[in-house]
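**Q** Predicted model and sequence below, questions to follow.
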Amino acid sequence: RSAQAGRAIDLLEGMQSSGIEPNEHSFSSTITACARSGQWELAVELLEEQRRCGVPLTPHSFNAAISACARAGQPDRALALID
């Protein structure tokens, strides 16, 4: 992972381990960092974790994950996120 994505994930995990529940902004920022670093699988995984945690999914989170898939040549995966 890139340094930016790694820091974002560390912060998100640190929040969770400290008992602080991440919100839609925390997830969205982390998904964006992963998308920008080419970590499309991690971006998708985080979007799914956001859903599992009951945190509202935002257009920004979806767009970042979809863009990550598209840039990685994963159009089918990107389309699956929309369904």
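**A** Thanks, I have it.

**Q** In terms of helices and strands, where is the residue nearest the centre of the chain?
**A** Among the residues of the chain, the one closest to the centroid is residue 31, at 2.5 Å (CA atoms, centre = their mean). In this structure, residue 31 sits in helix 24-36 according to DSSP states H and E.

**Q** buried ones in the helix or strand that that helix is followed by?
**A** Next helix or strand after helix 24-36 toward the C-terminus (DSSP H and E): helix 40-52. For helix 40-52, a neighbour-count test (16 or more other CB atoms under 10 Å) marks 40, 42-44, 46-47, 49-50 as buried. Where you see a C-beta, it was placed from the backbone N, CA and C, and this is true even at glycine.

**Q** From the contact counts, what lies against the helix holding residue 31?
**A** helix 3-17, helix 40-52, helix 59-71 (3 or more CB pairs under 8 Å, 6 or more residues apart in numbering; DSSP states H and E).

**Q** Now do residue 14 against residue 79, distance only.
**A** Separation of residue 14 from residue 79 (CB to CB, to the nearest Å) stands at 33 Å.

**Q** Tabulate the helices and strands packed on helix 24-36 (CSV), appending mean pLDDT.
**A** As requested, these are exported to CSV (pLDDT from 0 to 100):
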stretch, mean pLDDT
helix 3-17, 92
helix 40-52, 96
helix 59-71, 94
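
**Q** With residue 27 as the reference, name the closest of the ones you listed.
**A** Evaluated over these, closeness to residue 27 peaks at helix 40-52, with 4.2 Å, by CB to CB.
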